[in-house]
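K.L.:
Requesting a structural model of the entry that follows:
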Amino acid sequence: MVENGHQAPTWFTVGHAKAINTLQRSQREGRISHAYLLVGPTQVGRMSLALDLARMLNCLEQAPPCGECSQCVRVTRGLHADVQVLAPNAEQRSNRFSIGIDAVRELQREASLRPFEGRCRVFIIDGAELLTEEAANSMLKTLEEPPSQVVLVLLASDGDALLPTITSRCQTLELRPLPTALVSKELSNRYEGSPQDIEEVARLSGGRIGWAFQAMAEPDLMERRAERLDAIETALRSGLEERFRYSGTLAARAASDRAFVRLELSLWLELWRDALFFREGLPELTTSQSRQRLLQLIADAASSAEIAHAAVAVQETIDNLERNVNPRLALDDLMLALPRPRLEV
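P.N.:
Numbering: from 1, shown residues only. This next block holds a predicted model:
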């Protein structure tokens, strides 16, 4: 793209114009921060912006990032020796993900070295809120005395989960979910699909463009989602015995795959939220466009208060599981708490 007779920068990040403008202005004025904190939901574009920043700092052209020079291409392909990503690993005992002190110490060792092939070394810490206490304190030392020619980019879904002493030493850029219309437009430009399918994916993404791209590129993702919604609908239409069978199966899965259970409960939460929109006469705000008939049935069979109570019960179950409450007890209690509207087949 050419602007005012000059080649314009090429940013791969979709949306987030305010954050991009801030980075561009800092580059022009020679005021690049030694550390940035990109805060926003997962798959909203944090990593994309971090890599764009890495390209901008190492680009060989006059309007960085160009996206095409050797430096930009190597960053894009994940081959650049001066651009590294530090991600959480699962702890063996608790099966929880974290970033430990050993990983931070290795980062500090690497940061002490001069750039190998570019102008600047960029270290991206993905999931910075998962730094252990020891690792966070060690990271603080690096932020207090940053090496020259090094930029740290911390990615977090919740900035409040980080030590205030860390956030105060970073320039924070907040990335909000993108408008549904923008997500839908990007999907239409990049993928083949019916307008109905693209619209549903755009709505389901909740403004998380990365999730939308993944859903269009991996049809299995939407198929698995449909299968889980079918299981939820079956449980919703069933009596207590069948519901307890469902909760038992889900509780057994929690022992080895808590992420699966969290996703399942998020689908329950989404279902009740959409049903409340239907009940209140706002079907255009729903996300599950393919479940319109079920949503209408729930809205007709349950009051707004019952639907809201169900959503609260699901959220409480999610919170209880995060506090390590016995999964079977928590999920059985949920099945008892949910309304049992009589739904026509």
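K.L.:
Phi and psi next, for Ser168.
P.N.:
phi -70, psi -20 (degrees, to the nearest 10).
K.L.:
measure the residue most central in space within the chain to Tyr191 for me?
P.N.:
When C-alpha atoms, centre = their mean is applied to the chain, the residue found nearest the centroid is Thr42 (1.2 Å). To Tyr191, Thr42 is 21 Å away according to C-beta to C-beta, to the nearest Å. In this view, the C-beta of every residue, glycine as well, is placed from N, C-alpha and C.
K.L.:
what's the answer for Gln108, then?
P.N.:
Gln108 is 41 Å from Tyr191, by C-beta to C-beta.
K.L.:
Can you report how many residues lie near the closest residue to Arg262 other than its chain neighbours?
P.N.:
Leaving aside its chain neighbours, Arg262 sits nearest to Ile318 (6.8 Å; criterion: C-beta to C-beta, 6 or more residues apart in numbering). With neighbours defined by other C-beta atoms under 10 Å, the count for Ile318 comes to 16.
K.L.:
what's the answer for Arg224, then?
P.N.:
Quick note: Arg224 (other C-beta under 10 Å) scores 13 neighbours.
K.L.:
Next: the one 10 residues further on.
P.N.:
Look at Thr234: counted by other C-beta under 10 Å, it has 12 neighbours.
K.L.:
For it, give me its contacts.
P.N.:
Neighbouring residues of Thr234 by C-beta atoms under 8 Å, 6 or more residues apart in numbering: Glu242, Tyr246.
K.L.:
Give me the distance between it and Asp300.
P.N.:
Counting by C-beta to C-beta - Thr234 and Asp300 are separated by 19 Å.
K.L.:
follow-up on the earlier one: helices and strands around the strand or helix carrying the residue nearest to Arg262, which ones?
P.N.:
Following DSSP states H and E, one finds Ile318 within helix 304-322. On a contact count with 3 or more C-beta pairs under 8 Å, 6 or more residues apart in numbering; DSSP states H and E, helix 304-322 meets helix 258-279, helix 327-337.
K.L.:
now the ones you listed in a markdown table, with mean neighbour count, mean pLDDT and distance to Leu178?
P.N.:
Below are the helices and strands packed on helix 304-322 laid out as a markdown table (neighbours: other C-beta atoms under 10 Å; pLDDT from 0 to 100; distance: least, C-beta to C-beta, whole Å):
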| stretch | mean neighbour count | mean pLDDT | distance to Leu178 |
| --- | --- | --- | --- |
| helix 258-279 | 19 | 90 | 18 |
| helix 327-337 | 18 | 93 | 32 |
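K.L.:
of the ones you listed, which approaches Gln296 most closely?
P.N.:
helix 258-279 (5.8 Å; C-beta to C-beta).
K.L.:
Could you pull up the residues touching the closest residue to Asn58 other than its chain neighbours?
P.N.:
Leaving aside its sequence neighbours, Asn58 sits nearest to Gly118 (C-beta to C-beta, 6+ apart; 3.7 Å). Contact analysis of Gly118 by C-beta under 8 Å, 6+ apart lists Leu57, Asn58, Gln71, His80, Ala81, Asp82, Val83.
K.L.:
so is Gly118 in a helix, a strand, or just coil?
P.N.:
With DSSP: H, G, I helix; E, B strand; the rest coil as the basis, Gly118 sits in coil.
K.L.:
ok, it to Asn189 distance?
P.N.:
For Gly118 relative to Asn189 (C-beta to C-beta), the value is 31 Å.
K.L.:
Give me the residues contacting stretch 105-112.
P.N.:
By C-beta under 8 Å, 6+ apart, stretch 105-112 touches Gln84, Leu86, Arg121, Phe123, Ile125, Ser138, Lys141, Thr142, Pro147, Val150.
K.L.:
What of stretch 132-145?
P.N.:
34-35, 98-101, 103-105, 107-108, 111, 125, 131, 152, 162-163, 165-166, 169-170.
K.L.:
Using CSV, list the CA coordinates for it.
P.N.:
Presented in CSV, the C-alpha positions along stretch 132-145 are these (Å, rounded to 0.1, in the frame of the first residue of the first chain):
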residue,chain,number,x,y,z
THR,A,132,5.2,-18.0,39.4
GLU,A,133,6.0,-15.7,42.3
GLU,A,134,9.7,-16.5,42.1
ALA,A,135,9.7,-16.0,38.3
ALA,A,136,7.8,-12.7,38.5
ASN,A,137,10.2,-11.3,41.1
SER,A,138,13.1,-12.3,38.9
MET,A,139,11.4,-10.7,35.8
LEU,A,140,11.1,-7.5,37.9
LYS,A,141,14.8,-7.2,38.1
THR,A,142,15.1,-7.3,34.3
LEU,A,143,12.4,-4.7,34.0
GLU,A,144,14.2,-2.4,36.5
GLU,A,145,17.5,-2.7,34.7
